[in-house]
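>>> Mind looking at a prediction? Sequence and model below.
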Amino acid sequence: MKIKKISKAVFPVAGLGTRFLPATKSIPKEIMTLVDRPLIQYAIDEARAAGIKEFIFVTSRGKSALEDYFDSAPELEASLKRAGKDALLDALRETNMDSGAIAYLRQNRPLGLGHAVWCARRLIGNEPFAVLLPDDVIAAETPCLQQMVEAYAQTGGNMVAAMEVSPDKTPLYGVLDVAEDMGAIVRAKGMVEKPKADDAPSNLAVIGRYILTPKVLNNLNRMKQGAGGEIQLTDAIAEEAQGDSNVYGYRFRGQRYDCGSKAGFLQATVAFGLARPDLRDEFGAYLNDMIALQKAAQ
């Protein structure tokens, strides 16, 4: 059977970002910068590397800054060009999106991730598609979604990015019920959203990268409420695992940072800052000094 290529991706960005108030009172959380690039840029770059051509943003009121970010800025570009700042000009142009490549639609009620993905159903059509959650930033030699697309070419069906977590962390994630462990790829017979540690079927947690079939959208059409009274994407995927046994978890290679939390955002800032050749020496020396001061204070 020929497996269709993934060319469309959904970016659910309608959340209020309340954990980052007061900063998110005036700017979308996805525009907050990790070193010198906003979170959404990391997600877009990852999608591009995986061959995505059409980008669908599910937004909400107050997210217009996202649209502005991906638009061209002729006056700024002209100013940089006159000043001979070619490196900055190239970096700026990388944020531009071609006309027609990006679409925005509103999630008018906060009914959960499943509902956000369902809102994009007409733009997705009858094609497999990817979902990327910008809060999950993944540092990897080969971008995570690209790894998944390569694995998907072998399996087809639905695929979720997965990582092992300690049992006490399972209530924070959707968790796979594993039917067959094949190493990097596991076949799932079910998924459970935020199970208690004692009830979790495994410690293999789902993180914010998905490749999904249109059947998942059909499952979401029923608007079935799940954990927290929300329409859970996990539940819609789990139905496919029980019916066609075509749900797979993929143990990606890389380090995931939860930039939806303050601690995770700070950890990512340190990691990405130290990975930058232009920042590594000065920033690393500062961190070493801070550690020395803490030790001396003890």
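Structure's in. What do you need? Numbers count the residues shown, from 1 in each chain.
>>> Distance of Glu239 relative to Ile231?
13 Å (CB to CB, to the nearest Å). Where C-beta positions appear, they are placed from N, C-alpha and C, glycine not excepted.
>>> Trp118 too?
7 Å.
>>> Compare neighbour counts for these two and give me the winner.
Trp118 (25 against 21; other CB atoms under 10 Å).
>>> Name the helix or strand for the more buried one, please.
Assigned by DSSP states H and E, Trp118 belongs to helix 113-119.
>>> So what touches the helix or strand following that helix?
With elements assigned by DSSP H and E, the helix or strand that comes after helix 113-119 is helix 121-124. Outside of helix 121-124, the residues within contact range by CB atoms under 8 Å, 6 or more residues apart in numbering are 8, 10, 54, 56, 103, 105, 214, 217, 220-221.
>>> Please tell me I have it right and Leu88 contacts Ser79.
No - Leu88 lies out of contact with Ser79 (CB atoms under 8 Å); the separation is 9.9 Å.
>>> Would you enumerate the residues in contact with the nearest residue to Arg93 once chain neighbours are set aside?
Of all residues beyond its chain neighbours, the one nearest Arg93 is Glu77 (7.1 Å), with distances taken as CB to CB, 6 or more residues apart in numbering. Applying CB under 8 Å, 6+ apart to Glu77 gives the contacts 89, 92-93.
>>> So Glu77: helix, strand or coil?
Glu77 falls in the helix class when you classify it by DSSP: H, G, I helix; E, B strand; the rest coil.
>>> That one and Asn96, how far apart?
9 Å.
>>> ok, what's across the strand from Thr33?
Applying DSSP bridges to Thr33 gives these bridge partners: Pro38.
>>> And the pLDDT at it?
With respect to pLDDT, Thr33 scores 92.
>>> what pLDDT does the most centrally placed residue in the chain get?
Nearest residue to the geometric centre of the chain (CA atoms, centre = their mean): Leu133, 2.5 Å. Leu133 carries a pLDDT value of 96.
>>> Ok, the one 3 residues further on next?
In the predicted model, Asp136 carries a pLDDT score of 95.
>>> Now do the same for the closest residue to it other than its chain neighbours: helix, strand or coil?
Using CB to CB, 6+ apart and skipping the chain neighbours, the partner closest in space to Asp136 is Gly208 (3.6 Å). Under three-state DSSP, the three-state class of Gly208 is strand.
>>> Check Ser245 too.
Applying three-state DSSP: Ser245 is coil.
>>> The chain should start at 13 in everything you say after this.
Shifting the count to begin at 13 puts that one at Ser257.
>>> and it, what does it touch?
Here Ser257 is in contact with 191, 199, 201 (CB under 8 Å, 6+ apart).
>>> Can you give me the buried ones in stretch 196-208?
Buried positions in stretch 196-208, judged by neighbour count with 16 or more other CB atoms under 10 Å: 197-200, 202-207.
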